[in-house]
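**Q** Okay, here's the prediction I keep looking at, along with the sequence it came from:
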Amino acid sequence: MKKRVIVLSGPACVGKTTVASMLSKKLGIEVLDTKATAASHAMRAVPDGADQTAEHRIIDPRDPQWLGETLNQRIRSGKASGILIVDSVSVPEQLPYLRRSGWDVTHVHLEAPENVRRERCSLTGIVKRLWASAESDSIDGLKKIADVVIDTDRCRADDIVVRLVARLQDRPLLCEPVIDILVGGQYGSEGKGNIAQFLAPEYDVLVRVGGPNAGHTVYRTGMAPYTFRQLPSGALGNIDAKLVIGAGAVISLDVLLKEIGELSINFDKLLIDHRAMIIEKGDIEWEKQNLEQAIGSTAQGTGHATARKILNRMPDSDVRLAGTVDELKHYVGDSIEYFADCLSSKKRIMLEGTQGTSLSIHHGHYPHVTSRATTAPACLAEAGLAGRHVRRVVMVCRSYPIRVGDTALGNTSGYMSQTLQFEEIARRSGIDLDEIIRTEKGSVSGRPRRIAEFDWSQIRRSAMLNGPTDIALTFADYFGKENRKAYRYEQLNEQTLRFIEELERVVGVAVSLISTDFSERNIIDRRAW
């Protein structure tokens, strides 16, 4: 396979070194400074005691063969890996020789109006000589044979880098689908954390949106369960994956820093988009006073913080974004640029939505809704990812949906169809009532949940909103405790098999994952992907 090289050319003070440096930083590739390399070679060649004047030390880097021989020597010595940047060539004859030497060459010629270049340079000493040489016929000859010519007066340095990276990497918009979305199909608490934990080892990048008002609990063999409220729930299932909190997320500093500390998250493992919103103490206090009793809100400040982000768009407002927080400075970056690199390098991405479709601000039973859109397309928008790159959408649903909300609050937490008592679930499933009561508490609020019969109308509507390719069914043991010992699909009890058949018929996609318990073998995997 040919070694790739980006060769820069252009007159003095046009920005070649700046562009080379930015390309090197962006792609992590080496820059070969031809003048410095030529001078270094010449100094090693001068015998001891010889007159080491400037004329003796500096050899002419314009020699047509010298550049090709120098690069080939780097290959033989093992110093050349991946792509190289050459800053720069001076004569057109160097390019054909380099191409004949077996290199895959991208020749980039930079130019700018003379008055602009003169403003950029202090015309003293060596710069004057460079300026004089830059006006030679060689510059025009290099421009004529270049693969791309860029006017640096009309493009910023980062614009130029983007144009050149597009010639070296797969362009993100054209990349194959690598994103899988995990989204709740009911009122939240569907068991998304359990599914995320199971799938996490298959991905390079784990992304989460939403806020700390949604907790995703992960069960670990021989250890206490862990509830994620800000970080992606697969963090414990794949310690090598990069974790990303998207720009649309709302962050509680206390909760996030607690999770980072408990899980020992290094700076290079987590990326937080600098645009993510920070929750303040006043946001929490407002929701406790106004929403906790009124609609059964978890009162974590997420909605009020989001409202401030929308309403307080003015200089010197009280809005804090992640990029302004000292405690997060080592984690903060631009997630969009990071995702572009991920797509170009075909890294697998799992996007974990929070809460459930029927809690969506737009599509839920208003006003008993959360403060954000909770569908798969909305999660993409919050993360900064595009639908074009989605491979699968896994919609998670429970055998019996739940809503957070203490019965002492009446129906203030919102509509549910055909509510049931926990005693009835215990009777049907054979699971001990106390175990069900311990399980069915809000992972954030700690309040008892309400439970209901499976809502077929709800799940059809959720399918329309999310466009799932797969269904993950959780709490299959509520159809019978014996399902906890089912490790293959055919071992599930008859009621469960009939239910899955009907669910696939109503939604129109396969039930690919079935959660039977919270244990080391709690997922029946029927995927064809």
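**A** Now that the structure is in, tell me what you want to look at. The model shown is predicted, which means the values in this text are computed figures rather than measured ones. Residues are numbered from 1 along each chain as shown.

**Q** can you pull the contacts of residue 242?
**A** Counting by C-beta atoms under 8 Å, 6 or more residues apart in numbering, residue 242 touches 204-206, 269-271. The way it works is simple: take the backbone N, C-alpha and C, and place the C-beta from them, glycine included.

**Q** Which one of these is nearest to residue 15?
**A** residue 271 (29.4 Å; C-beta to C-beta).

**Q** quick one: secondary structure of that closest one?
**A** Secondary structure, DSSP: H, G, I helix; E, B strand; the rest coil: residue 271 is strand.

**Q** ok, it touching residue 246?
**A** No - counting by C-beta atoms under 8 Å, residue 271 stays clear of residue 246, with 9.5 Å between them.

**Q** between those two, who's got more neighbours?
**A** residue 246 (25 against 21; other C-beta atoms under 10 Å).

**Q** ok so, going back, want to try CSV for the contacts of residue 242, with pLDDT and distance to residue 371 as columns?
**A** Formatted as CSV, these follow (pLDDT from 0 to 100; distance: C-beta to C-beta, whole Å):
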residue, pLDDT, distance to residue 371
204, 98, 31
205, 98, 26
206, 98, 23
269, 96, 29
270, 97, 24
271, 98, 24
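
**Q** Isn't residue 423 up against residue 433?
**A** Yes - with contact defined as C-beta under 8 Å, residue 423 counts as touching residue 433 (6.1 Å).

**Q** where does this structure dip in pLDDT?
**A** Low-confidence segments of the chain (pLDDT under 70): 1, 40-61, 78-81, 122-136, 405-412, 442-446.

**Q** Spell out which residues make up each domain of it.
**A** 4-168, 174-525 (automatic domain parsing).

**Q** so how far is the first residue of the shortest one from its last?
**A** With C-alpha to C-alpha, to the nearest Å as the measure, domain 4-168 spans 9 Å from end to end.

**Q** Same check on the last one?
**A** The stretch domain 174-525 measures 31 Å between its terminal residues, going by C-alpha to C-alpha.

**Q** the strands in the stretch 51-200 of the chain, which residues?
**A** According to DSSP state E, counting those that start in this stretch, the stretch 51-200 of the chain carries its strands in the segments 83-87, 104-111, 148-151, 179-184.

**Q** taking the ones you listed together, which one is wrapped up most tightly?
**A** Most buried of the strands of the stretch 51-200 of the chain, by mean neighbour count (mean count of other C-beta atoms under 10 Å): strand 179-184, with a mean of 27.

**Q** among the contacts of residue 242, which two are most distant?
**A** 204 and 270 (14.2 Å).

**Q** So which of the two has more stuff around it?
**A** Each of residue 204 and residue 270 has its neighbours counted (other C-beta under 10 Å); residue 270 has more, 23 against 16.

**Q** Look up how far residue 108 lies from that one.
**A** Look at residue 270 and residue 108: by C-beta to C-beta, to the nearest Å, they are 35 Å apart.

**Q** will you turn the strands of the stretch 51-200 of the chain into TSV that also has distance to residue 403?
**A** Output for these, formatted as TSV (distance: least, C-beta to C-beta, whole Å):
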stretch	distance to residue 403
strand 83-87	54
strand 104-111	58
strand 148-151	57
strand 179-184	12
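
**Q** contact partners of stretch 111-119?
**A** By C-beta under 8 Å, 6+ apart, the list of residues contacting stretch 111-119 reads 10-15, 143, 149-153.

**Q** count of residues packed around residue 393?
**A** Neighbours of residue 393 (other C-beta under 10 Å): 25.

**Q** what's the answer for residue 201, then?
**A** 12.

**Q** From residue 528, how far off is the residue nearest to it when sequence neighbours are not counted?
**A** Using C-beta to C-beta, 6 or more residues apart in numbering and skipping residues adjacent in sequence, the residue nearest residue 201 is residue 238, 4.9 Å away. Taking C-beta to C-beta as the measure, residue 238 falls 22 Å from residue 528.

**Q** out of these two, which sits in the busier spot?
**A** Neighbour comparison, residue 238 and residue 528: the larger count goes to residue 238, with 21 against 6 (by other C-beta under 10 Å).

**Q** That one belongs to a helix?
**A** No - looking at residue 238 with three-state DSSP, it is coil, so not inside a helix.

**Q** what sits against it?
**A** 200-201, 203, 206.

**Q** How is the nearest residue to residue 195 once chain neighbours are set aside assigned, secondary-structure-wise?
**A** Distances taken as C-beta to C-beta, 6+ apart place residue 472 nearest to residue 195, at 4.9 Å, with adjacent residues excluded. Assigned with three-state DSSP, residue 472 falls in the strand class.

**Q** can you pull up the bridge partners for residue 472?
**A** residue 396, residue 513 (DSSP bridges).

**Q** thought it was touching residue 396?
**A** Yes - counting by C-beta under 8 Å, residue 472 does reach residue 396; the two are 4.5 Å apart.

**Q** okay, and the common contacts of these two?
**A** 182, 191, 195.

**Q** now these as CSV including distance to residue 222?
**A** Compiled in CSV, these are given as follows (distance: C-beta to C-beta, whole Å):
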residue, distance to residue 222
182, 25
191, 20
195, 21
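
**Q** what's the closest of these to residue 319?
**A** Using C-beta to C-beta, these come closest to residue 319 at residue 182, 29.5 Å.

**Q** quick one, what contacts that closest one?
**A** 192, 195-196, 199, 350-353, 394, 396, 472.

**Q** Can you tell me which of the residues you listed has the most neighbours?
**A** residue 353 (32 neighbours).

**Q** Next up, the contacts around that one.
**A** 181-184, 192, 209-210, 374-376, 378-379.

**Q** Tell me which two of those residues sit farthest apart.
**A** Longest span within the contacts of residue 353, C-beta to C-beta: 192 and 378, 15.1 Å.

**Q** Tell me where the stretch 201-350 of the chain has helices.
**A** 253-263, 281-290, 292-295, 302-311, 335-344 (DSSP state H, counting those that start in this stretch).

**Q** what about the nearest residue to residue 275 once chain neighbours are set aside, neighbour count?
**A** Once flanking residues are discounted, residue 275 sits nearest to residue 247: 4.0 Å by C-beta to C-beta, 6+ apart. Number of residues near residue 247 (other C-beta under 10 Å) recorded here: 21.
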